[in-house]
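J.: could you look at this predicted model? Sequence included:
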Amino acid sequence: MAKVPEPPRKVIPNPDPESSINRNQVIISGIITDLASPRYTPAGLMIAEFKLSHCSNQQEAGIQRRIEFEFEAIAIAETAEKIICIGSGSNVEITGFIAKKNRLSNRLVLHVRNTRII
């Protein structure tokens with residue numbers, strides 16, 4: 001017997017942007033490293049690209065683990081200006097979301113919404 005294909009599932013978008021199904025928020029601390037010179041979009045918005053070096057102790061399955069990693073981050077407009085002013089080597093707390101670096105890339109980066117020196 002031939003297998004009958006299943007009909008495609010209908011995806012119903014969640015209209016509530018505050019719903020946990022739409023949540024993509026990261027809050028992380030670290031040291032700003034590899035801060036590139038600012039560049040500008042065709043619309044004149046400043047872009048700051050940098051890496052954040054994170055180091056912490058985390059509990060997992062009852063075991064204390066030392067976590068160390070570095071990842072790429074990008075800030076735009078006023079947030080970029082703030083990152084540039086804070087400068088490389090500063091210990092910061094960053095709030096943002098994970099997304100593709102740009103529409104043509106599959107690399108994920110942290111898009112910074114806010115930062116503060118800690």
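T.: Yep, that arrived.
J.: please, where are all the strands along this protein?
T.: 26-33, 39-40, 46-60, 63-76, 91-100, 108-117 (DSSP state E).
J.: mean neighbour count for the ones you listed - can I get that in JSON lines?
T.: (Glycine included, C-beta is placed from N, CA and C.) As requested, the strands of the chain are arranged in JSON lines below (neighbours: other CB atoms under 10 Å):
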{"stretch": "strand 26-33", "mean neighbour count": "16"}
{"stretch": "strand 39-40", "mean neighbour count": "10"}
{"stretch": "strand 46-60", "mean neighbour count": "15"}
{"stretch": "strand 63-76", "mean neighbour count": "13"}
{"stretch": "strand 91-100", "mean neighbour count": "15"}
{"stretch": "strand 108-117", "mean neighbour count": "16"}
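J.: export these to a markdown table and tack on distance to I84 and mean pLDDT?
T.: What follows is the strands of the chain, written out as a markdown table (distance: least, CB to CB, whole Å; pLDDT from 0 to 100):
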| stretch | distance to I84 | mean pLDDT |
| --- | --- | --- |
| strand 26-33 | 10 | 97 |
| strand 39-40 | 11 | 96 |
| strand 46-60 | 5 | 97 |
| strand 63-76 | 9 | 96 |
| strand 91-100 | 13 | 96 |
| strand 108-117 | 11 | 96 |
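J.: JSON lines for those, including distance to C85?
T.: As requested, the strands of the chain are exported to JSON lines (distance: least, CB to CB, whole Å):
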{"stretch": "strand 26-33", "distance to C85": "11"}
{"stretch": "strand 39-40", "distance to C85": "16"}
{"stretch": "strand 46-60", "distance to C85": "10"}
{"stretch": "strand 63-76", "distance to C85": "11"}
{"stretch": "strand 91-100", "distance to C85": "12"}
{"stretch": "strand 108-117", "distance to C85": "10"}
